[in-house]
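Asks: This is a predicted model, with the sequence first.
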Amino acid sequence: MKKFGKFALIILIIGVIFLGIGTAFIPGWGRMNDRPVETAGRQVSLTKFSTVDADVKAYNINLRPGSSYHATVSGKYQHQLKIAVKNQTLVIREQNYHRQPANDEPQVTITVPRAATHLKQVVVTANAGRVDLAHLTMQELRLDLNAGAASLNDIAVKHRARAIMNAGSLKISHSKLSLKAQVDAGAVKIDHSKFHGTSILSLNAGSLSMTEAPDIGYDLSTSFGPITYHGKNQGHHFEVQASAKNKLVAETDFGSIKIN
């Protein structure tokens, strides 16, 4: 009996050791009863703000008019996204970053009252994810995105809008702004939008497409890829209305430019 007891104890110890190894090093071990990622959003009531300062890793950020100053956060690690208003600046920070599960797309949706859609500044820094801004007016806009997409719909920027994107697409629709953007790998699509002052678009590997383009000056260049201006091929460099007050300067190394 003593030998049997010792043998059983040894088997139990070995089992505990293997269970610990499996839990530590084998994905999914010990989590057979995992539930689907929580989708219910965390609701955050906010006080008045006029500036947005967001710095996140993998959250989608949506900013638009609503009924009040409010934020809705969703995602498995939603409680680690810190949101607070300090001196009328909405500060968003991601704490203790965790790699998101494949079936999780974390996002934060921020609303401002429809009577308070004029903001001073919006600054978003993100490693991966989408940034969607809609139906807002602001003095300044700055986007710094490593890998993701940005969409501006019905956005008016009074002074300067700046965007730096390493990999991702930029879409601008029904907006008014003066833009300076650098896109290393991705496409830029612009429709029904107006530019004031001199706007500069620099693309490394990607194309620029504009529909319902405004009647302004254009200075367009490509290294490899055609330039099409209102249906006519213009080679690799094209300029029109060079002395215009409002002007778009655009260049791409590997891609095309199409203005319609």
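Replies: Structure's in. What do you need?
Asks: pLDDT score assigned to Ala24?
Replies: Looking at Ala24, its pLDDT reads 40.
Asks: same check, this time on Lys76
Replies: 85.
Asks: Same question for Lys3.
Replies: pLDDT at Lys3 comes out at 42.
Asks: quick one: contacts for Gly235?
Replies: Applying C-beta atoms under 8 Å, 6 or more residues apart in numbering to Gly235 gives the contacts 226-227. To be clear about C-beta, it is placed using only N, CA and C from the backbone, and glycine gets the same treatment.
Asks: Look at it and give its secondary structure.
Replies: coil (DSSP: H, G, I helix; E, B strand; the rest coil).
Asks: now it: how far from Thr211?
Replies: According to C-beta to C-beta, to the nearest Å, Gly235 and Thr211 sit 21 Å apart.
Asks: And Gln139, by the same measure?
Replies: Taking C-beta to C-beta, one finds Gln139 at 28 Å from Thr211.
Asks: Tell me which of the two has more neighbours.
Replies: Gln139 (16 against 13; other C-beta atoms under 10 Å).
Asks: quick one: Ala128 and Ala58 touch, right?
Replies: Yes: using C-beta atoms under 8 Å, Ala128 is in contact with Ala58, at 4.8 Å.
Asks: The two - which one has more neighbours?
Replies: When neighbours are counted by other C-beta under 10 Å, Ala128 and Ala58 differ, and Ala58 comes out ahead with 21 against 17.
Asks: give me the element that one is part of.
Replies: Assigned by DSSP states H and E, Ala58 falls within no helix or strand.
Asks: and it, what pLDDT?
Replies: For Ala58, pLDDT reads 86.
Asks: didn't it look like it was pressed against Arg130?
Replies: No: under the criterion of C-beta under 8 Å, Ala58 makes no contact with Arg130, lying 10.4 Å away.
Asks: By residue count, which strand of this protein is the longest?
Replies: Identified as the longest strand of the chain according to DSSP state E is strand 118-157.
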